[in-house]
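S.K.: this is a predicted model, with the sequence first.
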Amino acid sequence: MTDTTARVHELNLYRQYFDLVAAGTKTIEVRVKYPHLAGLAAGDIIRFRIKGTDETCEVKVKRVAEYPNFEALLDGEGPSNVNPTATRDQQLTNIRTIYGPEKEILGALAIEMKRLT
């Protein structure tokens, strides 16, 4: 017998990105390829939380793609899917402010998602 229950992952998100996810305009989440995200797969649920608050937003994972770095991810997924309010160069700067070079060398994950109602 197989367990078809979706796994729920809890991840923190900055307010500006949380609002885009909640509005359904941000369809790709960028994360470093940390070991705790290795099993993330289509069908899983992510519960985003603004750190230090009870505010949450749930999405269903549609697809997870791996990239060697953030530049390749933005080129492969399209910057407007990651953040429709910023240019590619602004996004690259913002992502690298959050994740330093020692994190980027681990690889990047593009998590395609759909907001749950």
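M.R.: Yes, it's here.
S.K.: what is the mean pLDDT for the lengthiest strand in the chain?
M.R.: In the chain, ranked by residue count with DSSP state E as the criterion, the top strand is strand 56-67. Strand 56-67 shows a mean pLDDT of 98.
S.K.: immediately after it, which helix or strand?
M.R.: Downstream of strand 56-67, the first helix or strand assigned by DSSP states H and E is helix 70-77.
S.K.: what about the protein, any weak spots by pLDDT?
M.R.: Applying pLDDT under 70 to the chain flags the ranges 1-4, 117.
S.K.: would you map the helices across it?
M.R.: Shown for the chain, the helices assigned by DSSP state H span residues 15-23, 70-77, 79-82, 88-98, 101-104.
S.K.: quick one, the second one and helix 88-98 angle?
M.R.: Yep, that's helix 70-77 we're talking about. Interaxial angle of helix 70-77 relative to helix 88-98 (axes from the mean of the first three to the mean of the last three C-alpha atoms, to 10 degrees): 130 degrees.
S.K.: and helix 70-77, what does it pack against?
M.R.: Applying 3 or more C-beta pairs under 8 Å, 6 or more residues apart in numbering; DSSP states H and E, we find helix 70-77 packed against strand 28-32, strand 56-67, helix 88-98, strand 108-115. C-betas here are computed from N, CA, C, even on glycine.
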